[in-house]
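A.B. asks: Provide a 3D model corresponding to the input given below.
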Amino acid sequence: MALHQHSFTFEGEDATPIFAYRWSGDAPVRGILQVAHGMGEHALRYREPLAPIIESGIVVYANDHRGHGRTAPNAGALGDFGPAGFAALASDMAKLTDIARAENPGKPLVLLGHSMGSFALQLYLLDHSRKIDGAILSGSAALDCLAAGMNTGQGLKSFSAAIENPRTEFDWLSRDPAEVDKYIADLLCGFSATEASQASMFAALMRTFDPQALKAIRGDLPLYIFAGDRDPVNGNLAWLRPLADRYRAAGVKNLQTKFYKDGRHEMLNETNRADVVRDLAGWIDAVIGAA
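C.D. replies: I've put the predicted structure just below:
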C-alpha cells in the first residue's frame, strides 16, 4: 500500500516557521495521530515505524521541534530552542493539533510524545487536554526524578553508562545495532540541547510535577504510557512509575501502562518493534472507536 507524504510549514505564536509532515495511506481516514519527537532527532524518523498504523487509515502529523530537523535554520542552530524556549514546543504542538483537526473535521485525534516530546506533551496536557481524544507517552519519566538522577552536563551521551559493554555511545537507544547505526549516520541526530535550552526545559517543566497543576488534565482522557524496562531515561522504570502514580492521583482514570522486558529507549525501533507497534495500534483503535 502506498504511503503519501506532504510537507508544510506553519507559524508558531512568535511567527517562527515550524516544519511539519503529514503522512497518509490509501485507506479512508479513521483518525489522526500527532507525533512529538525527542531530543537530538527529527520527525521523519517516525514515518517508517508508524507505517502499519498509517496504512490502516490513521493520518499522522509530525513537526520538527525548534532547534531540530528542518525547523532549525542551520546546523549551528541544532539543539537551540531559541528565545521562546521550551514552552514554545508545547504551543507549537497545540497549533499543529488545530491544523490536523481543521483538515480532518470530526476525526478523533491522539497525540504521541516520545522522550523530550513526551515532556512537551506533559506540559501540553496541563493546558490543552480537551483538544485531544487520547495521549501517549513513550520513553518518558517524571522530570524531577530524571533530573536528580542524570548528569545533564554530558547530555544524551550520559545515558550510555547504563549499558554494559556498549558498542557505541548510543546503544542505550535500542538493542538493534542497525537502528543505532542509522541514528549515528543521520546528520540531524545525536546532538543535545544547548545549556540555555536545557535550562528553559527544566524551568518550563516544573509545572508538570505540581499536584495542583496536574488536576487541570481532564479525568476521562485516555492515557497510554509505554516504555522499555531497561531505558536509562526512566531509570529502569524507577523514574517512570511515579509519573503514572501522579496522573492517577490527579484524577486521570483511564490510564494504561505497558513495559517491555529488556527494552531500551526507542521502543518503536527496538528488536521487538512489531509487537510494540501492534500494541500501540490496538490502543489507538480502541480510543478512536470510543471517541
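
A.B. asks: check contacts around residue 246.
C.D. replies: 142, 209, 211, 214 (CB atoms under 8 Å, 6 or more residues apart in numbering). Quick note: C-beta positions are derived from backbone N, CA and C, even for glycine.

A.B. asks: If you rank the residues you listed by neighbours, which is first?
C.D. replies: The most crowded member of the contacts of residue 246, judged by other CB atoms under 10 Å, is residue 142 (24 neighbours).

A.B. asks: neighbouring contacts of the helix or strand hosting residue 62?
C.D. replies: In this assignment (DSSP states H and E), residue 62 forms part of strand 58-63. Strand 58-63 is contacted by residues 10, 18-24, 29-37, 43-44, 46-47, 50, 53-54, 71, 92-93, 96, 99-100, 104, 107, 284, 288 when judged by CB under 8 Å, 6+ apart.

A.B. asks: So which of these are in strands?
C.D. replies: In strands, defined here by DSSP state E, the members of the contacts of strand 58-63 are 10, 18-24, 31-36.

A.B. asks: hmm, back to that, the contacts of residue 246 into TSV, with extra columns for secondary structure and distance to residue 4?
C.D. replies: Listed next are those as TSV, based on DSSP: H, G, I helix; E, B strand; the rest coil; distance: CB to CB, whole Å:
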residue	secondary structure	distance to residue 4
142	coil	38
209	helix	40
211	helix	44
214	helix	38
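
A.B. asks: Quickly check the residues you listed for the two that are furthest apart.
C.D. replies: The largest separation in the contacts of residue 246, counting by CB to CB, is between 142 and 211 at 12.2 Å.

A.B. asks: got any ranges where the stretch 101-250 of the chain has weak pLDDT?
C.D. replies: Applying pLDDT under 70 to the stretch 101-250 of the chain flags residues 149-157.

A.B. asks: need the helices for it, in chain order.
C.D. replies: If DSSP state H, counting those that start in this stretch is used as the criterion, the helices of the stretch 101-250 of the chain fall at 116-128, 143-149, 177-185, 195-204, 211-214, 241-249.

A.B. asks: Could you identify which of the ones you listed is most buried?
C.D. replies: Mean neighbour count (mean count of other CB atoms under 10 Å) peaks for helix 116-128 among the helices of the stretch 101-250 of the chain, with a mean of 25.

A.B. asks: And that helix, how far out from the chain middle?
C.D. replies: 9 Å (CA atoms, centre = their mean, to the nearest Å).

A.B. asks: start the count at 35, not 1, going forward
C.D. replies: All right, first residue 35 from here; so that's helix 150-162.

A.B. asks: Residues touching it, excluding its own?
C.D. replies: Outside helix 150-162, the residues that reach it (CB under 8 Å, 6+ apart) are 69-73, 99, 120-121, 123-124, 127-128, 131, 145-147, 169, 171-174, 177, 227, 235, 238-239, 241-242, 247-248, 250-251, 255, 277.
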